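**Q** Prediction below, plus the sequence it came from.
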Amino acid sequence: MTAAAPLIAVAVPILGAALIALSRGRAPLRDALSVGTAALQLVVLLTLAPAILAGGTLELTLLAFLPQVAIAFRVDALGYLFATTASFLWLLTATYSVGYLRAMGERHLTRFHALLALALAAAVAVAFSANLVTMYLFYEALTLATYPLVTHHGDAASAAAGRRYLAYHFGTSIAFLLPAIILTYLLSGTFAFTAGGVFPAGADALPQVLVYVLFLAGIAKAALVPFHAWLPSAMVAPTPVSALLHAVAVVNAGVFCVLRVMLDVFGPARLAELQLGAATAVAASVTILFASFAALRAEQVKALLAYSTIAQLSYMILGAALLTPSGTVGGIAHLAIHSFAKITLFFAAGALLVVAGRTRIADLGGLGPRWPWIMGPFVVGALGIVGIPPTGGFITKWYLVVGSIQAGQLAVLAVLALSTLLTALYYLRVVRLAFFRAPADDGADAQGEEARTPAPHASAPASGSLPLSMQAPLVIAAALSLAFGLYPAFLLQLAGLAAR
Amino acid sequence: MSAIEASSPFPVLTLLVLLPVAAALALQVVPTERAAARIALAAMAAELAIAAGVLLGFRPALAETQFAERVEWIPTIGAVYHVGIDGLSVLFIPLTALTALLALVSSWRSVRFHLRGFLASLLLLEAATMGIFVSLDLLLFFLFWEAMLVPTYALIRVWGVGPERQAAAAKYAMYMLIGSAPMLVAIALLGINARDAVAAGTGGYTFDLPALLGVPVHPGLQAIVFVAFAFSFAVKSPLFPFHSWLPGALLEGPAGVAIFLVGLKLGIYGFLRFAIPLAPDAAREWGWAVAALGVVSILYGGLVALTQPNLRRLLAFAALTHVGLATVGVFSLNTQGVQGALLLMVNVAVSATGLALLSGALHARLGSTELTALGGLARHAPRLTAAFLLFGLAGIGLPGTSGFPAELLVFIGAFRAQPWVAALALLGAILGAAYFLTSFERAFLGPATREAVRQIRDLRPREAAAAALLATAILAIGAFPGPLLEITDGSARALVQRIEQRPAAAR
């Protein structure tokens, strides 16, 4: 069982998607299948936990693809951390979607749930990839599975977002990621991930630098500036899709791939030798500051959250770029911690849309006291992103601070300090409005909003009550976001194994 | 490439050439057109079955020629009837049969005028194409090469769907005739060289490929031969700037011709079978120039495709990019590049043909393939849309489809040979994704504005079966390219070895 578990974990959502597609028209069955598939995948993944926590890796060759490379899985702590996070949050998202999609009057729900499952199959397969070709294969599959979700509404705005989504992802992956992979093979003779890196000692520096830059540019899912613009524009999609993009699968896949390349294609020693750690830190710092300022100016809640994500992803990359154990552990752990905090925020944003029809920050006045079970979790999530104890965000911030001191990178320390301040500012803006501002006139909901809101939203009733299927995931996500701060041992153990 | 040959106890390759000819004759004498169509279908299905049998009977990973037949033909000029296949050609045997069958499926309902003549032309085209892939004698090859012209010309001119079909047919014929002339000269030069080289007086002319491969060719002559062959194959493929016959042929000709023209890249095969092995030193020296034409074809084809308002014209320029990429693979002159190019040919034969089939079906239903006349097809013809998407994604080399391993190998080969060529070719891959996805969006997504689109009939059972067959092939090869590569491996290696060794006699 354990030997085949990685394959089963990928196969379960594919089969689930097929069953969901066959359930056409029977809503309760479809919803049960969607949630059940997610739960099943999580159970399969949990059976792997003992082996991974014992420091083991699982290897599984699926098929001999080309003479040079096989399609193969290899599960280690890094991949396991990403896969399990994705799987758990999928369970929450699938549950949340049931209530959200019904409340918003969304259509094509069968397609939605089936594609969600396929996206998870691709994400977990990326996590388990044993070599660059396998990773590339499922990275592209993830783009393909999520594109129809981004364009779910089928109107002009989502078509434009979808075009941008495809252009950024396919454009960069074909132009930069694919050549990076091929050049890696030509320079090293292998596609396989190898702890400590694949390039032979004494190889020319310049080609390696070029390959590294191509990798960073080619993985647009990590949303490093200037390859970030697809993420804010994708906010036209239904809220569960935003959760999928920002927390469950998509951006995490990007950061995961960057971390994989840093750790197992180049290795910290080689990155240090080539001065690439510092260069990466600069790229990540620029992204963090740029996105933080952009978030300050955001008008829509989802836009604020999107820029916040862009900044947070670069925290993870920055952690690894410090090339110290603490920094790397912090970066890796942040992948999980950010996901739980950010999904809380998106669930809350979706809930506000359902109960009050609000999407603009300026319209949130007074919603805090009125919807404590929505805005409460929102505050927990925001604290987690800012990195205030006792949330998980504090843990990773601590590791990043320690890591940057160890690395002697005082500039990084300054970036961390400044961005924390900015993050606090833009989240505080929301919290202050929601809790300490008088409620806006209910009639004001529609003003200026109707033109920008797609048809299903406009017709959606501000129903005034939140379905349990939305409330429960929201509270669970917030609770876990706190739990990571209070009991970080498990996560840190996994991150420690991954950073080794 | 080697002189080792495994003869066939049963002349199966000859059967593959003659069966369509026999069917073309037989369907002239049956009483009804229905019966004639049935005969054509049965013959093509049988041809595909036999071709599949040949593929299964082929012993992989060897460089030797298999299923060989050799009979004296015109002794006075040294022409022999010599057929056989190796790793370079074997895949094209079933692909030719498949392409012909698709061409027939695409025309099943749309041809109403002089059906017998149409069917016979299609069958003769199949026979000639099959002949091209099995010929091991240069004169025999040339015969089949020229024999393709007549049925293709007739198909475009008589059964074309566009108003300019006569001009398109004339243009096609002109290009082909001019294109093949230098090749005939090259063949003659090689024959004369062989007579002179073999101990004076005892030898005669020979055009037998294995024999010619054993004859040293002077570098100067190699250059002439290579350039002549390269010109002919560049016109046929086509490569930029010899491509201008293709859009017209695709737009004005019937869908069946489009399927043949985009599906089977005879020029690329010609490079691998004749131009490179017969003039290896020249290929090594001048191959970069052909690769450069390939790169230009990729970029030019990609850019023009990006701005094409018509789906079928777009296919022509997409075909140009595929040929360009295959050329880049071939002229990497290493095993990965050659293997990748062969796999790319397979991918084109299962994906571009599919696109040609579907756009032909759209044209038959809507009377136009202008993107502005489409739009919103996804909702009204979901099966057609799904098939079109899969074929297109295979065409742009998306992972999971047969296009991916092919492109990956071509790029590995190209980067190894000449990184700049590879980098430019990659730009073409991006253009490919761009033109396919934008045109797909315009043609299939969004709301349907035209009544004809709302009323459109989705794939008919026969079309759906063909599409399903292609889709299966695309996904199967996408997941398991190994067996195909094993088949081509021996011959690809032998070819590369031949390029790399410098024959002492020629120096």
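**A** Received it, and whenever you're ready, just let me know what you need.
**Q** May I have the phi/psi pair for the closest residue to chain A within the stretch 51-200 of chain B?
**A** Per CB to the nearest CB, B:Ala61 is where the stretch 51-200 of chain B lies closest to chain A, at 11.1 Å. No exception for glycine: its C-beta is placed from N, CA and C like everyone else's. Taking degrees, to the nearest 10, you get phi 70, psi 10 for the backbone angles of B:Ala61.
**Q** Verify the stated contact: it with B:Ile487.
**A** Yes. With contact defined as CB atoms under 8 Å, B:Ala61 counts as touching B:Ile487 (7.4 Å).
**Q** who has more neighbours, these two?
**A** The neighbour count for B:Ala61 versus B:Ile487, taken as other CB atoms under 10 Å in any protein chain shown, is higher for B:Ile487 (22 against 13).
**Q** Okay, and that one sits in which element?
**A** helix B:482-500 (DSSP states H and E).
**Q** related to what we said a few turns ago, which neighbours do B:Ala61 and B:Ile487 share?
**A** The contact sets of B:Ala61 and B:Ile487 overlap at B:Gly87 (CB atoms under 8 Å, 6 or more residues apart in numbering or on different chains).
**Q** any idea of the mean pLDDT in the helix or strand in which A:Leu206 is found?
**A** Applying DSSP H and E as the criterion places A:Leu206 in helix A:205-218. Mean per-residue pLDDT for helix A:205-218: 94.
**Q** Give the buried residues for it.
**A** Residues of helix A:205-218 classed as buried by neighbour count (16 or more other CB atoms under 10 Å in any protein chain shown): A:208, A:211-218.
**Q** pull the helix or strand with minimum mean pLDDT from chain B.
**A** strand B:5-7 (a mean of 77; mean pLDDT, DSSP states H and E).
**Q** Might you report the residue contacts of the residue of the stretch 51-200 of chain B closest to chain A?
**A** B:Ala61 neighbours (CB under 8 Å, 6+ apart): B:87, B:486-487, B:489-490.
**Q** measure B:Leu306 to B:Ala434 for me?
**A** Computed as CB to CB, to the nearest Å, the B:Leu306 to B:Ala434 distance reads 6 Å.
**Q** where does the chain have low pLDDT?
**A** This is for chain A. When residues are selected by pLDDT under 70, those of chain A lie in A:1, A:439-464.
**Q** try chain B instead
**A** Residues of chain B meeting the criterion pLDDT under 70: B:1-4, B:198-203, B:502-507.
**Q** Dump the C-alpha coordinates for the longest strand along it into PDB.
**A** When chain B is parsed with DSSP state E, its longest strand is strand B:65-74. Presented in PDB, the C-alpha positions along strand B:65-74 are these (Å, rounded to 0.1, in the frame of the first residue of the first chain):
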ATOM      1  CA  THR B  65      16.400  -3.000 -44.000                       C
ATOM      2  CA  GLN B  66      13.400  -5.300 -43.600                       C
ATOM      3  CA  PHE B  67      10.600  -6.700 -45.700                       C
ATOM      4  CA  ALA B  68      12.900  -6.100 -48.700                       C
ATOM      5  CA  GLU B  69      12.100  -7.100 -52.300                       C
ATOM      6  CA  ARG B  70      14.500  -6.700 -55.200                       C
ATOM      7  CA  VAL B  71      13.700  -7.400 -58.800                       C
ATOM      8  CA  GLU B  72      15.600  -6.300 -61.900                       C
ATOM      9  CA  TRP B  73      13.600  -3.600 -63.600                       C
ATOM     10  CA  ILE B  74      15.400  -1.800 -66.500                       C
END
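**Q** Parallel or antiparallel, which strands does that strand pair with?
**A** strand B:5-7 (parallel), strand B:79-85 (antiparallel) (DSSP bridges).
**Q** Looking at the stretch 351-500 of chain B, what residue ends up closest to chain A?
**A** Residue of the stretch 351-500 of chain B nearest chain A, by CB to the nearest CB: B:Pro399 (3.9 Å).
**Q** what are the phi and psi values for that residue?
**A** Dihedral angles (degrees, to the nearest 10) for B:Pro399: phi -60, psi 140.
**Q** what's the spacing between the closest residue to chain B within the stretch 201-350 of chain A and B:Ala97?
**A** Taking CB to the nearest CB, chain B has its nearest neighbour within the stretch 201-350 of chain A at A:Pro207, 9.4 Å off. The spacing between A:Pro207 and B:Ala97, counted by CB to CB, is 45 Å.
**Q** what about the longest helix in chain A?
**A** When chain A is parsed with DSSP state H, its longest helix is helix A:325-356.
**Q** contacts for whichever helix or strand comes after that helix?
**A** Using DSSP H and E, the helix or strand that directly follows helix A:325-356 along the chain is helix A:367-370. Residues outside helix A:367-370 that contact it (CB under 8 Å, 6+ apart) are A:352, A:356, A:358, A:374-375, A:431, A:434-436, A:439.
**Q** Alpha carbons only: can I get helix A:367-370 in PDB?
**A** Extracted in PDB, the C-alpha atoms of helix A:367-370 (Å, rounded to 0.1, in the frame of the first residue of the first chain):
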ATOM      1  CA  LEU A 367     -19.500  44.400   9.300                       C
ATOM      2  CA  GLY A 368     -17.200  43.200  12.100                       C
ATOM      3  CA  PRO A 369     -19.700  43.400  15.000                       C
ATOM      4  CA  ARG A 370     -22.500  42.200  12.800                       C
END
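**Q** Could you list the buried residues of it?
**A** Neighbour-count burial for helix A:367-370 [16+ other CB under 10 Å]: A:367-368.
**Q** what's the helix or strand for the residue in the stretch 51-200 of chain A that chain B sits nearest to?
**A** Chain B sits closest to A:Leu137 of the stretch 51-200 of chain A, with a gap of 3.9 Å, by CB to the nearest CB. Counting by DSSP H and E, the element that carries A:Leu137 is helix A:132-150.
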